[in-house]
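In: quick one, what's the 3D model for this:
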Amino acid sequence: MPNSNKRLFLYEALELRAEYDARIKTLKDCLPETKENRNRWDVLRNDKECVYRASGEFSPDEARDELARLVLKRRKLNRAIQQANFQHKIPFRGEPLTLHETLDLRKGLNEQIGELHTQVVDAACERVIYKEGRDIVEPSSFSYQKSMQKLEETRLMFRELNRKVRAASFEVVVEYLDE
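Out: Numbering: from 1, shown residues only. Down below sits the predicted model:
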């Protein structure tokens, strides 16, 4: 049985990964070699430019060491999250799906909702061209009613799937030592 202090629920692991990401970004933004800082640090001084150097409290070498530690921790945490995603199954419409498959399906449904939204908006109107004293009407290539029905069905499926994913994040255990 795994050590209990090495266990996080999935939602905790995702929060921790976001925290690691924020810490990594902060450290990267402080280092002179980052893209934003490349022309700021240790530039020859002239009358028009301001230059920057490390404050007495900041050590780029220590920041690089801490950054390397955080990147490693994030990689290990991400691996543990992925293992949990591939191991945990969620029943969805009579079929067991891994959490990974469920997340992939949810992403696809979200994209499909966007496409169906556009289709519904397009189906809500006809193109009318006024030519030689009369109107030429070009109906939409989609049925408004059918498009709206498909959009609503897809939204409900997305909602159902999203609720299952959210519930799983409070049930699925990720084997990772929260330091």
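
In: tell me the SS of the residue nearest the centre of the chain?
Out: Closest to where the C-alpha atoms of the chain average out (Cα atoms, centre = their mean) is Lys107, at 9.9 Å. Under DSSP: H, G, I helix; E, B strand; the rest coil, Lys107 falls in the helix class.

In: gap between it and Leu67?
Out: Distance of Lys107 to Leu67, given as Cβ to Cβ, to the nearest Å: 30 Å. In this view, the C-beta of every residue, glycine as well, is placed from N, C-alpha and C.

In: please report how far the residue nearest to the centre of the chain lies from Lys150.
Out: 18 Å.

In: now the element after the longest helix seen in the chain, going C-ward?
Out: Of all the segments of type helix in the chain, defined by DSSP state H, the longest one is helix 60-87. The helix or strand immediately downstream of helix 60-87 is strand 89-92, counting by DSSP states H and E.

In: in that following strand, what counts as buried?
Out: 90, 92 (16 or more other Cβ atoms under 10 Å).

In: any low-confidence regions in this protein?
Out: Along the chain, the model assigns pLDDT under 70 to residues 1-5, 35-53, 178-179.

In: ok, which stretches of it are helices?
Out: Using DSSP H, helices in the chain cover 10-30, 60-87, 99-123, 144-168.

In: could you give the angle of the shortest one to helix 144-168?
Out: In this case it means helix 10-30. Calculated by axes from the mean of the first three to the mean of the last three Cα atoms, to 10 degrees, helix 10-30 forms an angle of 90 degrees with helix 144-168.

In: break the protein into its domains for me.
Out: 1-87, 96-173 (automatic domain parsing).

In: so what's Pro139 up against?
Out: Taking Cβ atoms under 8 Å, 6 or more residues apart in numbering, we find Pro139 in contact with Glu126.

In: kindly list the main-chain dihedrals of it?
Out: The phi/psi pair for Pro139 (degrees, to the nearest 10) reads phi -70, psi 160.

In: same deal with the one 4 residues further on?
Out: Recorded main-chain torsions at Ser143 are phi -80, psi 130, according to degrees, to the nearest 10.

In: looking at it, it is touching Ala123, isn't it?
Out: Yes - using Cβ atoms under 8 Å, Ser143 makes contact with Ala123 at a distance of 6.4 Å.

In: okay, these two: which has more neighbours?
Out: With neighbours defined as other Cβ atoms under 10 Å, Ser143 and Ala123 compare such that Ala123 has more, 18 against 13.
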